[in-house]
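*Asks:* Any chance you could fold what I've pasted below:
(chains A, B, C, D, E and F)
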Protein chains: 4
Amino acid sequence: MIDRDGQPLIGEFPSLPKQERAYQKREALLESGRKLFSEKGYEQTTAKDIAAHANVATGTFYRYFCDKRQLLMALIKDQLDRFMPPNPNPSWMNHDPEIGLASMLKKHDQRLDKLGLHHVLHELLPHDPELAQVYAEVRKKLHGSIYEGLLQAQKLGYTWDDLDLTEVAWSILTLTEKLPDRRTDQSEPNYHAIAKIICRLVFPPDILKQLKGNS
Amino acid sequence: MIDRDGQPLIGEFPSLPKQERAYQKREALLESGRKLFSEKGYEQTTAKDIAAHANVATGTFYRYFCDKRQLLMALIKDQLDRFMPPNPNPSWMNHDPEIGLASMLKKHDQRLDKLGLHHVLHELLPHDPELAQVYAEVRKKLHGSIYEGLLQAQKLGYTWDDLDLTEVAWSILTLTEKLPDRRTDQSEPNYHAIAKIICRLVFPPDILKQLKGNS
Amino acid sequence: MIDRDGQPLIGEFPSLPKQERAYQKREALLESGRKLFSEKGYEQTTAKDIAAHANVATGTFYRYFCDKRQLLMALIKDQLDRFMPPNPNPSWMNHDPEIGLASMLKKHDQRLDKLGLHHVLHELLPHDPELAQVYAEVRKKLHGSIYEGLLQAQKLGYTWDDLDLTEVAWSILTLTEKLPDRRTDQSEPNYHAIAKIICRLVFPPDILKQLKGNS
Amino acid sequence: MIDRDGQPLIGEFPSLPKQERAYQKREALLESGRKLFSEKGYEQTTAKDIAAHANVATGTFYRYFCDKRQLLMALIKDQLDRFMPPNPNPSWMNHDPEIGLASMLKKHDQRLDKLGLHHVLHELLPHDPELAQVYAEVRKKLHGSIYEGLLQAQKLGYTWDDLDLTEVAWSILTLTEKLPDRRTDQSEPNYHAIAKIICRLVFPPDILKQLKGNS
DNA sequence: GATGAATGAGCCTTCATTCAT
DNA sequence: GATGAATGAAGGCTCATTCAT
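*Replies:* Here you go, the predicted model:
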């Protein structure tokens, strides 16, 4: 709408192409939904709230999403993997695993915190079998990849030989998932201490020392 | 009407005294609430639902609880400690810690499962500061007692000397709290493997072997 | 527990005969109803409130009155004439009418104030044709008797000869009925001034002077 | 869509602009409220009733009024002065006061009758301090202006010299306020007779004759 | 008779969703 | 496509009245 180059354009609105405008509206709705859901919870947030926060009319909400639940789904499904800790990188073992892990935990935790949908996700899981299934799959997949990493380490003789690696993988998953609960108002979790704990579950101390030496 | 002298009266209606009846009705409502909340979630369950499930009229619900939230509170507050894993018993260290812990995990997990309010609790925590505070306190207390146990073990030289015991305690708390998530429809968690994992966080392997020898 | 044969039992309360007890309960309910209705209004007062205030169980209320409305009816009908100013006494004219009238107004107003049902009566009148009719009849009767008094005064030549005595009677009725509205928190109505006004509606000044002289 | 220049446009839908439609709906609700309140009383009328009578859904009611009470307030506050008799016009004294007053009483009474909220107003006054205060103020103001008129008449020597003009003003106010109670199903009040009575409270007969002669 | 717990109809209000403009 | 007023089902809660004890 605004003439940015000093040349008045007669009557022309250089508005975005329609598709682009629609896309932006959809994004605005998603972002408003994310914000309000994470602040007030799913049930406490009304479609009207979301529309108002995105500066569109109530009815417009229903042009982009068939209902409130679908918006949340879009919000969650698209990024479900973001709720999960990132796939541990094999390079862990080439450098100091504690440092790499601590940094990963921090990134993951801060992303979750910014996303803020952690609680909403768990508010919905029990009532939404579809979502629950998707979530379980993502979780399983992530567990699988953690497990793969552990298996490879095992082959190299890097792991405890008396622990059930499946359970170790679940434990790692759990500890990373629960990072947000460890957060308090004033302080952030002690990522490094947690990384040490996780490493202890994987590597016997002498192995770890050796891995650190490699880096 | 009540037989007060131990002699059963023929033809007597063994009706309960009023207070007892009221108590039972309250219990029925609590149990119905527990069941429906855990099946459908807090928001999805109406006071009418609960009353109907307990075979009483809507109004009766409000004789016993001032509203839906209060019923949930009664359900949760009274037994908030039950959501927590039981305080680990010092006798752990006198017997095989893995076995003692595994048994405790199993009991705790099964109690939580039976209670079924795990999800509802987390549905409400973000929106109910009062509950959140109570919950945080119980959790803190439990963390404290786990930590105390670890400290004592540390004094005896039983623990890893390079791990932050505070974080170890949080990790134990977290792993036990999340047991329900590890449960699938078909199988129960592998309590013993988890116990081994937790023990690994506390005891170096040689210490553990020694402790087992003691038993 | 009760001694039925006339022998006083030590510590026994010589309880009233049944009918008497029932009568007292009914009275207690009526009085509680009167108090609560006049304080909170008809709709705002619940049957439970009334029963509780009378120290009886809710159910007992319905043994004495078939419903809430009937209690109010009993309250009002029995004393509907008390809502009305008392029938003006012919002796007015033998003494100073102003003084007699002022005293009557005061008594009437204070009785209404004590009764307190003025507002409740008018809350119900529009919705209760039966009550409305009774009320209208009482009012008409009272108007009639005021009118009779005026007629007699007219025969003696004591009244204005150009005023419609029917309307004068209505005006007197109205002014006395509305006394409560003239009451403020701090002060009571100026009964004597109002009495003078009413007298002016009836007696020409010279007649009034003459009547006062008689006293 | 709207013809703004006075020229009817062919084929135009003469639909009202949005604001106008909303205004009309609000008016319809107000009118329905007025009707139902005056027929059934405040407590007996539900928001649903009002909405149904105005041919809108229940929810629509709450778009225009935050609750039942607010609708009544809008109904009453806006026109509280209409519940009051109009300020007596000084021209009374220039013409036949009886005739002017009678006509005014008639107009006032018929307006009140049409409004029909007389009883509802008095149903609420005891329970609504806010309304009561507004009402009291309007009433006081009106009393004040009647009193002013009387004072001026007094200065001209037109009034009785032994009556308390404050009380005379209250009496006039009362008699006019209570006109609706004098109305019966079949007949309307005898306005002229009442006007004569009121005039008698103000003017001694000889003065009144003189005033009539002026007209 | 007395009790007070139980009942359930019905009120107020919210909000997901639709639809006329 | 966009708008936001309109809809009406449904939930929370109250209270007049009934009824088992």
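*Asks:* Mind splitting chain A into its structural domains?
*Replies:* A:18-67, A:80-214 (automatic domain parsing).
*Asks:* Using JSON lines, lay out these together with mean pLDDT and distance to residue D:158.
*Replies:* In short, each C-beta sits where N, CA and C put it, glycine included. Formatted as JSON lines, these follow (pLDDT from 0 to 100; distance: least, Cβ to Cβ, whole Å):
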{"stretch": "domain A:18-67", "mean pLDDT": "92", "distance to residue D:158": "65"}
{"stretch": "domain A:80-214", "mean pLDDT": "85", "distance to residue D:158": "80"}
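*Asks:* got JSON lines for those domains, with mean neighbour count too?
*Replies:* Shown next, in JSON lines, are the domains of chain A (neighbours: other Cβ atoms under 10 Å in any protein chain shown):
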{"stretch": "domain A:18-67", "mean neighbour count": "16"}
{"stretch": "domain A:80-214", "mean neighbour count": "17"}
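*Asks:* Which one, of those, ends up nearest to residue D:65?
*Replies:* Across those, residue D:65 has its closest neighbour in domain A:18-67 (18.6 Å, Cβ to Cβ).
*Asks:* is the closest one anywhere near chain D?
*Replies:* No. Contact of domain A:18-67 with chain D (Cβ under 8 Å from any Cβ of the partner chain) is absent, the minimum separation being 12.1 Å.
*Asks:* Show me the longest helix that occurs in chain A.
*Replies:* helix A:129-155 (DSSP state H).
*Asks:* residues contacting the residue lying closest to residue A:97 once chain neighbours are set aside?
*Replies:* Once flanking residues are discounted, residue A:97 sits nearest to residue A:199: 5.4 Å by Cβ to Cβ, 6 or more residues apart in numbering or on different chains. By Cβ atoms under 8 Å, 6 or more residues apart in numbering or on different chains, the residues touching residue A:199 are A:97-98, A:101, A:208.
*Asks:* Out of those, the closest to residue C:106 would be?
*Replies:* Of these, the one sitting nearest to residue C:106 (Cβ to Cβ) turns out to be residue A:101, at 92.7 Å.
*Asks:* Tell me if I'm right that the closest one and residue A:195 touch.
*Replies:* Yes. Contact criterion Cβ atoms under 8 Å: residue A:101 and residue A:195 qualify, at 4.0 Å.
*Asks:* what helix or strand does residue A:72 sit in?
*Replies:* helix A:68-77 (DSSP states H and E).
*Asks:* How about residue A:211?
*Replies:* Using DSSP H and E, residue A:211 falls in helix A:205-214.
*Asks:* From the contact counts, what lies against that helix?
*Replies:* For helix A:205-214, the elements it packs on are helix A:97-115, judged by 3 or more Cβ pairs under 8 Å, 6 or more residues apart in numbering or on different chains; DSSP states H and E.
*Asks:* Give me the distance from the helix it packs on to the chain's centre.
*Replies:* Distance of helix A:97-115 from the chain centroid (Cα atoms, centre = their mean, to the nearest Å) equals 11 Å.
*Asks:* could you give the angle of it to helix A:68-77?
*Replies:* Counting by axes from the mean of the first three to the mean of the last three Cα atoms, to 10 degrees, helix A:97-115 lies at 160 degrees to helix A:68-77.
*Asks:* Packing partners of helix A:97-115?
*Replies:* By 3+ Cβ pairs under 8 Å, 6+ apart, helix A:97-115 packs against helix A:179-182, helix A:191-202, helix A:205-214.
*Asks:* Adding distance to residue D:141, write those helices out as a markdown table.
*Replies:* Putting those into a markdown table (distance: least, Cβ to Cβ, whole Å) gives the following:
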| stretch | distance to residue D:141 |
| --- | --- |
| helix A:179-182 | 63 |
| helix A:191-202 | 73 |
| helix A:205-214 | 89 |
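*Asks:* right, and the ones you listed - which one's nearest residue B:127?
*Replies:* Per Cβ to Cβ, nearest to residue B:127 of the helices and strands packed on helix A:97-115: helix A:179-182, 16.1 Å.
*Asks:* Also compute the angle for the longest helix of chain A relative to helix A:68-77, please.
*Replies:* 10 degrees.
*Asks:* other SSEs contacting helix A:129-155?
*Replies:* Where contact means 3+ Cβ pairs under 8 Å, 6+ apart, helix A:129-155 is packed against helix A:68-77, helix A:165-177.
*Asks:* which stretch among those helices comes nearest DNA strand F?
*Replies:* Closest to DNA strand F of those, according to Cβ to the nearest atom of the strand: helix A:68-77, at 13.2 Å.
*Asks:* now check the closest one, is it near DNA strand F?
*Replies:* No. For helix A:68-77, no contact with DNA strand F is found by Cβ under 7 Å from any atom of the strand; the gap never falls below 13.2 Å.
*Asks:* okay, that helix in PDB with CA atoms only?
*Replies:* Presented in PDB, the C-alpha positions along helix A:68-77 are these (Å, rounded to 0.1, in the frame of the first residue of the first chain):
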ATOM      1  CA  LYS A  68     -10.200 -25.400  16.800                       C
ATOM      2  CA  ARG A  69      -8.800 -28.800  17.200                       C
ATOM      3  CA  GLN A  70      -7.400 -28.800  13.700                       C
ATOM      4  CA  LEU A  71      -5.500 -25.700  14.300                       C
ATOM      5  CA  LEU A  72      -3.800 -27.300  17.300                       C
ATOM      6  CA  MET A  73      -3.100 -30.400  15.200                       C
ATOM      7  CA  ALA A  74      -1.500 -28.300  12.500                       C
ATOM      8  CA  LEU A  75       0.500 -26.700  15.200                       C
ATOM      9  CA  ILE A  76       1.600 -29.900  16.700                       C
ATOM     10  CA  LYS A  77       1.900 -32.300  13.900                       C
END
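*Asks:* Now do it: everything it contacts.
*Replies:* Contacts for helix A:68-77 (Cβ under 8 Å, 6+ apart): A:29-30, A:33-34, A:37, A:42, A:45-47, A:50, A:61, A:64-65, A:83, A:117, A:120-121, A:124, A:128, A:131, A:134.
*Asks:* Report the rounded mean pLDDT for that helix.
*Replies:* Helix A:68-77 shows a mean pLDDT of 88 in the predicted model.
*Asks:* Could you confirm whether that helix reaches DNA strand E?
*Replies:* Yes. Helix A:68-77 lies within reach of DNA strand E by Cβ under 7 Å from any atom of the strand, at A:68-69.
*Asks:* Mind listing what's buried along that helix?
*Replies:* Neighbour-count burial for helix A:68-77, with 16 or more other Cβ atoms under 10 Å in any protein chain shown as criterion, is recorded at A:68, A:71-76.
*Asks:* centre of the chain versus that helix, how much separation?
*Replies:* Computed by Cα atoms, centre = their mean, the chain-centroid distance of helix A:68-77 equals 15 Å.
*Asks:* which element is the closest residue to DNA strand F within chain A on?
*Replies:* The minimum distance from chain A to DNA strand F, using Cβ to the nearest atom of the strand, falls at residue A:59 (1.7 Å). Using DSSP H and E, residue A:59 falls within helix A:58-64.
*Asks:* do that helix and DNA strand E meet?
*Replies:* Yes. Residues of helix A:58-64 are located near DNA strand E by Cβ under 7 Å from any atom of the strand, namely A:58-59, A:61-62.
*Asks:* Output those residues as JSON lines; include the columns distance to residue D:169.
*Replies:* As requested, these are exported to JSON lines (distance: Cβ to Cβ, whole Å):
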{"residue": "A:58", "distance to residue D:169": "55"}
{"residue": "A:59", "distance to residue D:169": "58"}
{"residue": "A:61", "distance to residue D:169": "61"}
{"residue": "A:62", "distance to residue D:169": "62"}
